[in-house]
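fold the following, please.
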Amino acid sequence: MLQRRHLLGLTAGAVGTLAAPAALRAQGAWPSRGTIRLVAQFPPGGLVDTVARLMAPAMSQALGQNIVVENRPGAGGIIGTDMVAKAPADGYTLLVSHASVQVFSTATRPSLPFDPINDFTHIMQLVEAPNIILVRANSPFQTLEQLLTAAKTRPVRYGSSGIGSAPHLLGAMLSAEAAAPNLDHIPYAGSAPAMQDVLAGNIECMVDPITTNTQQMRDGSLRALAVSTAQRLAMFPNVPTFAELGYPKLTSAQWLGLSGPKGLPAPIVERLTAIIPPILARPELASRFVELQTMPRNPPPAGADFIALMRREITEWTAVARQFNITVS
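Just a heads-up that it's a prediction; the model follows:
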């Protein structure tokens, strides 16, 4: 159901609903003034911020214009995303869009201050990160089976970045699929405080994107019990997939993309669509993406294909949220 699908890229001329180029002609060729804001709707140090700060210098070089990453966290990414939805469609405010908001908030919240599809110009997917279930190095749980067996008879707590987040929904699915009713969700205001409690032994495990955890997995302070990719990761060949352990429905990824306000003029979309794939392929970025195990598809879904991916995931995850009665008020 939730397996990754590789989509064909879309030509730049077919991207989204675009405003007439007259707006651009009135202000000069883009970019020609000021600084471009690349909005990261989560705090510094996390998945979105990490990728935004990798992309910004390369985009700045390609466009010949200064690009600054602006963190606008709050309400699970909704505040920063809403700011971009309501910004002028002039190409000087862009968003590192995130499945956490565009898909999972849509699936779990009765209303949002924006339409996740129609209030944006969705340009292209950038990268996607698999999810993992982590324990501290000295945890008594050496395998996922041991953890789930314990959760059949006593409380085993898993942390997440918040109610209605992808890790929350994945944990709920795992609890149901494994018939482990005592796998209890503990929500946090982000991944960092959840990780602090894992390392302190206050909770047994957490579900999280792999991106900001790879270094601790390599140095041995954290142990991953399973990963949500279809095949094992070459960097961590000893970590089994959920699918091979009997839980194929947990095969999934959290993507990041590049989006702007609704009505972004066609020349801006075309230029961004042209520069992003070469940027993603730059050796220095590609090697960093490998280190983070957070990589682009080849080719990255763009325009209508990117939107189709969002629509499909919204449908799938809304069904999961309803199945487990997960609602964020």
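
figure out the helix or strand that Ile78 lives in.
The secondary structure element spanning Ile78 is helix 78-85 (assigned by DSSP states H and E).

how far does that helix sit from the chain's center?
For helix 78-85, the distance from its own C-alpha centre to the chain's C-alpha centre is 16 Å (CA atoms, centre = their mean, to the nearest Å).

packing partners for it?
Where contact means 3 or more CB pairs under 8 Å, 6 or more residues apart in numbering; DSSP states H and E, helix 78-85 is packed against strand 36-40, strand 93-98, strand 253-261. Backbone N, C-alpha and C define where each C-beta goes, glycine included.

wait, which of those strands is closest to Ile307?
Closest to Ile307 of these, according to CB to CB: strand 253-261, at 10.1 Å.

quick one: strands adjacent to the closest one?
Here the strand partners of strand 253-261, with direction, are listed using DSSP bridges: strand 93-98 (antiparallel), strand 120-136 (antiparallel).

which one of these lies closest to Ala87?
Within the strands paired with strand 253-261, the stretch nearest Ala87 is strand 93-98; the backing value is 3.9 Å (CB to CB).

for Val135, see how far away Val239 is.
As judged by CB to CB, to the nearest Å, Val239 and Val135 stand 12 Å apart.

with neighbour numbers in mind, choose between those two.
Here Val239 and Val135 are compared on neighbour count by other CB atoms under 10 Å; more neighbours surround Val135, at 23 against 19.

got the contact list for the residue lying closest to that one once chain neighbours are set aside?
Computed as CB to CB, 6 or more residues apart in numbering, the closest residue to Val135 that is not its neighbour in sequence is Cys205, at 4.8 Å. Neighbour list for Cys205: 133-135, 139, 141, 147, 156-159, 198, 225 [criterion: CB atoms under 8 Å, 6 or more residues apart in numbering].

again, only using 6 Å
If you count contacts by CB atoms under 6 Å, 6 or more residues apart in numbering, Cys205 has them with 133, 135, 158.

tell me the one among those residues nearest to Gly220.
Comparing the contacts of Cys205 against Gly220 with CB to CB picks out Val135 as the nearest, at 12.1 Å.

surely that closest one is in contact with Arg223?
Yes: between Val135 and Arg223 a contact is recorded at 5.4 Å, counting by CB atoms under 6 Å.

identify the contacts common to those two.
By the contact definition CB under 6 Å, 6+ apart, Val135 and Arg223 are jointly contacted by no residue.

where's Lys262 relative to Met59, distance?
Distance of Lys262 to Met59, given as CB to CB: 21 Å.

in this protein, which spans are strands?
For the chain, the strands identified by DSSP state E occupy 36-40, 67-71, 93-98, 120-136, 156-160, 183-187, 205-209, 222-227, 253-261, in order along the chain.

need these in a markdown table (columns: distance to Ala29).
As requested, these are arranged in a markdown table below (distance: least, CB to CB, whole Å):
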| stretch | distance to Ala29 |
| --- | --- |
| strand 36-40 | 14 |
| strand 67-71 | 17 |
| strand 93-98 | 17 |
| strand 120-136 | 18 |
| strand 156-160 | 45 |
| strand 183-187 | 47 |
| strand 205-209 | 37 |
| strand 222-227 | 45 |
| strand 253-261 | 17 |
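
okay, angle between the helix ranked longest in the chain and strand 93-98 too, please.
In the chain, with assignment by DSSP state H, the single longest helix is helix 303-323. An angle of 50 degrees separates the directions of helix 303-323 and strand 93-98 when computed by axes from the mean of the first three to the mean of the last three CA atoms, to 10 degrees.

and helix 303-323, which residues are buried?
Across helix 303-323, burial judged by 16 or more other CB atoms under 10 Å covers 303, 305-307, 309-310, 313-314, 316-317, 320-321.

likewise for stretch 126-143?
Taking 16+ other CB under 10 Å as the neighbour-count basis, stretch 126-143 is seen to contain the buried residues 126-136, 139, 141.
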